[in-house]
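> Sequence plus the predicted model coming up.
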Amino acid sequence: MKAEIIKRAKLTDIPSASGVEIINGIIYVIGDDSNSLFSLNHNLQILQKLELFESKYESNERIPKKKKPDFECMTYFKINGYHYVLINGSGSKENRDNGYLVKLPTKYNKKFFSQPVDFKSLYNLLRSNEDIVSDGKLNIEASAYSDDLFVLMNRANKKGNNAIMVFNTEEFQVFLAENSEMIPFPEVFLYELPKLESVNCGFSGACIHENKLFFTASAEDTEDAVEDGSVKGSILGWIEINPQGKMKGSITKTLSQIKSTTTIRENDHHFYGKVESIAIFEKESESKYIAIAVTDSDDGVSELIMLEINL
């Protein structure tokens, strides 16, 4: 397996990019210390900007670490034929248990519509599961969606695991609609990821394409879910989704073991950036994909990269 960067571009007006999706040719980006959802065209020009909540900081300014919402996940959803993105915080601190479900513009209505989602009850359930965390500190860094499955991914720290929580999509949509009153229960999978320069990798981004769960993970030399550390690079991998997997009362597992991983490279050299999110742009053959991803340098500088993936 190979993952090579073929293009890079700075996102000058979007701080700390942490999530990316491509929907109907439009690129959507969020930042973990911004209050806005940005939509961009293929030239990376900002088309629209939705402020998710009121803030004394401008949308292109960084909200300080203690106050930032830490939006680490953005996932495309299709509900009743309409396009949505679900944005959620990491859960690594009390003020990071919030999110937003955003209905995207259509050709008939050019406006965004957003509604807040309280993830506290769901995150408390995940915090109570020692297979996910052993110290109660959650760190949700990635999410992915298909018609059948919705996935949340916990990034390991020294007392937590690289865990994937798989929910039934229909049940998760009920949770969103009921505003946290009906808590869905996930199937939990634990994974060991490679090390880069003796530093463990932790999940950072994900997307589902056909029956493959693609993920990114980065190696950051830090001991907890809040503080930043020296970045040693990023990897890309994939896990097969079992089409026979059932969410209720089935012996069949939904996910397989990791099929393959590779270090992300540029010009055939190790790439030391922190890849935060990934979305498949197109499938060129049975084994070749083009993807876009975003990176965050921890000093607010964001980049969008294009990757060529060969399985």
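Great, that's in hand.
> Which parts of the stretch 101-250 of the chain are strands?
Here the stretch 101-250 of the chain has its strands, by DSSP state E, counting those that start in this stretch, at 113-118, 140-145, 149-154, 162-168, 187-191, 195-196, 199-209, 212-221, 230-241.
> which strands and helices sit next to the longest one?
Packing contacts for strand 230-241, counted by 3 or more C-beta pairs under 8 Å, 6 or more residues apart in numbering; DSSP states H and E, involve strand 195-196, strand 199-209, strand 212-221, strand 255-266, strand 275-283. All C-beta spots, glycine's among them, are computed from the backbone N, C-alpha and C.
> Which one of these lies nearest to residue 56?
Nearest to residue 56 among the helices and strands packed on strand 230-241 is strand 275-283 (25.2 Å), distances taken as C-beta to C-beta.
> for the record, mean pLDDT for the closest one?
Per-residue pLDDT over strand 275-283 has a mean of 97.
> what's the answer for stretch 92-103, then?
Per-residue pLDDT values over stretch 92-103 give a mean of 94.
> which other residues reach it?
Residues from elsewhere that reach stretch 92-103 (C-beta atoms under 8 Å, 6 or more residues apart in numbering): 37, 50, 52, 67, 69-71, 73, 77, 82-91, 112-120, 123, 137-139, 176, 225-226.
> mind running it again at 6 Å?
52, 70, 82, 84-91, 112-117, 119-120, 123, 139, 176, 225-226 (C-beta atoms under 6 Å, 6 or more residues apart in numbering).
> Are any of those residues buried, and if so which?
Listed as buried from the contacts of stretch 92-103 are 52, 70, 84-91, 112, 114, 117, 119, 123, 139, 176, 225-226; burial here means 16 or more other C-beta atoms under 10 Å.
> How far away from the center of its chain is stretch 119-132?
Taking C-alpha atoms, centre = their mean, to the nearest Å, one finds the center of stretch 119-132 at 18 Å from the center of the full chain.
> One more: stretch 267-274?
20 Å.
> helices and strands around the helix or strand of the chain with the lowest mean pLDDT, which ones?
Among the helical and strand segments of the chain, the one scoring lowest on mean pLDDT, DSSP states H and E is helix 169-177, with a mean of 90. Contact here means 3 or more C-beta pairs under 6 Å, 6 or more residues apart in numbering; DSSP states H and E; on that basis helix 169-177 packs against strand 149-154.
> ok, and what's touching the strand it packs on?
The contact list for strand 149-154, computed with C-beta under 6 Å, 6+ apart, reads 132, 139-140, 142-144, 163-167, 169, 172, 203, 206.
> Would you give the sheet partners of it, along with the direction of each?
Note on strand 149-154: by DSSP bridges, its sheet partners are strand 140-145 (antiparallel), strand 162-168 (antiparallel).
> what's the spacing between the shortest one and its chain's center?
Here strand 140-145 shows a centroid-to-chain-centroid distance of 4 Å under the convention C-alpha atoms, centre = their mean.
> Mind exporting the C-alpha coordinates of that strand to PDB?
In PDB, the C-alpha atoms belonging to strand 140-145 read as follows (Å, rounded to 0.1, in the frame of the first residue of the first chain):
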ATOM      1  CA  ILE A 140     -13.000  11.500  19.700                       C
ATOM      2  CA  GLU A 141     -11.000  12.500  16.600                       C
ATOM      3  CA  ALA A 142     -12.800  10.900  13.600                       C
ATOM      4  CA  SER A 143     -16.200   9.900  12.300                       C
ATOM      5  CA  ALA A 144     -17.600   8.300   9.200                       C
ATOM      6  CA  TYR A 145     -21.000   7.400   7.700                       C
END
